[in-house]
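> here you go, sequence then predicted model.
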Amino acid sequence: MKHNKIFTSALLIISMLGLGMHDAQAQQTVVDSSLLDRVSDLEQQVHYNKPGDDHFMVVGLATLGFVSSKTTNTVGGESTVTKSNSFPDADNFEVSPMFLWRHEKSFLVEFEPSFNADGLTVNWGEVSWFAAPGLIVRGGYLVLPFGTYSKREAAGWIDKLATDPMGVADMAPTDFGLEVEGGLPMGNMKMSYDVAVSNGNQLLPDGTLTSGNFTDNNNNKTVTARVALLPFSNSSLELGASGMFGKVGDIGTGWQNKMSESYAFDLNYVHTFSPLLVNIKSQYNIQNIDKASYINPADSSSYTFTNHTTAYFAQASIRPVNADGFIKNVELAGRYTEFNTPANSTFGADQHTVTVGLDYWINWRTVFKVTYEAYRSKSTASESLGANTGTTSINSLYVHFAIQL
Amino acid sequence: MKPVSIKNIFFLILTASLIAVVIMAMPSCKASQAVASKSGAQLWAENCQRCHNTPSPSTFSPEKWETVGMHMQTRALLTDNERDKIVEFLKQ
């Protein structure tokens, strides 16, 4: 009996010790856990402020869809009709990851490769130095500051319609150079400036321009600049004017002093008139290239033409953002575009499109679009150059999905 | 010598006018009291929608909002004050 009492007491003591140790351990675990969380927070803050650590992120976009078209070509009174439909709508398909590296709050590297109908290309690759308030210095492969469409509005998850306005994006090249830009407050208003010096465009044998040459085709650099004013304190209206000037001919050729002068005027107005969000965008581009002599591809004789091109669009959309239910995610958009290329060239045409679309915004950066576009073109190209003449009409239906990643 | 076209004269006048406005405005190159007192939420609502839909603050972590804010400043040419206030709002 006595042994049993001793045994029981010992067992009781051991159990109590065990429980005590467990409690202590549990308390220690609780203490450790909160301590570990605090240490982790401090480590994050330290990491956040270390310039050498990677502040790296991948964003980007994907745009894909389907297009069905009916094309009618009329030459000399005779018409031919062709129909086509295809995935993924090659003209507008792209998958473009964007890589962003940040060092402190002073430097940002942006690189966006793209997989699209042209294969694997690069949309931009640049380094930005946030040098001072209102001053950002950038260098690399830049989208030049000519208008706003190419730099801000072209992405599939931003554009209200499945297609780009003809000619407008093409006249704002991406090029190698240096840029300074910034936004400055002015009382109740705001202004911005954006100036770039780059290698410039190159004049091609048919009178069109190309850009993005790694090696400049001449020793002259092109200057592109945009200034903009936001006159209202709520930044709802922006008015911009751009210019692009530079020599475009290859050095050592008869074209070496040929100049290209381009201008653009842009307007952006976004405001909510409850319950509707009204969004108006417009841009007008003019391009003049000095008169030059070209070789007729049909018979190798020489020819010339007035190399004057205009492209403009006006777009409006409405969305009932203050409504209830799914309707607040529906947006109706419409756009008129004109693109007139030089008469008596191999590619001259007076073209216009009327585009309407209905969008459903799944969230702020994901959209499903149905767009209908009617394209009409009358050739002003020269028959003696073997160019296609007559009229063309294309009616297309696009069904698109676009997402920002 | 190539004659100067009317379009060139127009653009030169336009550019000179804009530069004159900027130079005259430089001494007051600061926001008014009303604009300076705007909250990050208000600046977020006014500026982001100029190009795209207003982003949800829950989309990215605070650290990533710093990076996104710098990228957006190079695109939309926000003032430094606007960028800082918008990013602080999005990080909350």
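Nice, I can see it. Quantities reported herein were computed from a predicted structural model and do not represent experimental measurements. Residues are numbered from 1 along each chain as shown, chains lettered A, B, ... in the order given.

> where along the chain do the helices fall?
No chain was given, so I picked chain A. Here chain A has its helices, by DSSP state H, at A:2-49.

> wait, I meant chain B there
B:6-25, B:33-36, B:40-48, B:62-76, B:80-91.

> so is the lengthiest strand in chain A next to chain B?
In chain A, with assignment by DSSP state E, the single longest strand is strand A:55-75. Yes. Applying CB under 8 Å from any CB of the partner chain, one finds strand A:55-75 in contact with chain B at A:55, A:57, A:59. C-beta: built from backbone N, CA, C; applies to glycine.

> save those residues as CSV, and put in pLDDT and neighbour count too.
Listed next are the residues of strand A:55-75 next to chain B as CSV, based on pLDDT from 0 to 100; neighbours: other CB atoms under 10 Å in any protein chain shown:
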residue, pLDDT, neighbour count
A:55, 88, 20
A:57, 94, 18
A:59, 96, 20
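
> which of those residues lies closest to residue A:324?
If you rank the residues of strand A:55-75 next to chain B by distance to residue A:324 using CB to CB, residue A:59 comes first, at 31.3 Å.

> neighbours around the residue nearest to that closest one when sequence neighbours are not counted, how many?
Spatial nearest neighbour of residue A:59, chain neighbours left out: residue A:98 (4.9 Å); criterion: CB to CB, 6 or more residues apart in numbering or on different chains. A count of neighbours around residue A:98, defined by other CB atoms under 10 Å in any protein chain shown, yields 20.

> what's the pLDDT at residue A:98?
For residue A:98, the pLDDT comes out at 97.

> strands of the stretch 201-350 of chain A, start to end?
A:202-203, A:209-210, A:222-230, A:237-247, A:259-273, A:276-289, A:294-295, A:302-303, A:307-319, A:330-340, A:349-363 (DSSP state E, counting those that start in this stretch).

> give me the sheet partners of the last one and which way each runs.
Under the criterion DSSP bridges, strand A:349-363 sits next to strand A:330-340 (antiparallel), strand A:366-379 (antiparallel) in its sheet.

> then the fifth one?
For strand A:259-273, the paired strands and their directions (DSSP bridges) read strand A:237-247 (antiparallel), strand A:276-289 (antiparallel).

> need those in a markdown table with mean pLDDT, mean neighbour count and distance to residue A:181, can you?
Shown next, in a markdown table, are the strands paired with strand A:259-273 (pLDDT from 0 to 100; neighbours: other CB atoms under 10 Å in any protein chain shown; distance: least, CB to CB, whole Å):
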| stretch | mean pLDDT | mean neighbour count | distance to residue A:181 |
| --- | --- | --- | --- |
| strand A:237-247 | 97 | 20 | 12 |
| strand A:276-289 | 97 | 20 | 18 |
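
> can you list these in TSV and add distance to residue A:93?
Shown next, in TSV, are the strands paired with strand A:259-273 (distance: least, CB to CB, whole Å):
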stretch	distance to residue A:93
strand A:237-247	28
strand A:276-289	23
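
> one step back: if you count neighbours, what's buried in the longest strand of chain A?
Residues A:55, A:57, A:59-65, A:67, A:69, A:73 are the ones in strand A:55-75 that count as buried (16 or more other CB atoms under 10 Å in any protein chain shown).

> same list, the strands paired with strand A:349-363, but as JSON lines with mean neighbour count please.
Converted to JSON lines, these look like this (neighbours: other CB atoms under 10 Å in any protein chain shown):
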{"stretch": "strand A:330-340", "mean neighbour count": "19"}
{"stretch": "strand A:366-379", "mean neighbour count": "19"}
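
> thanks a lot, catch you later.
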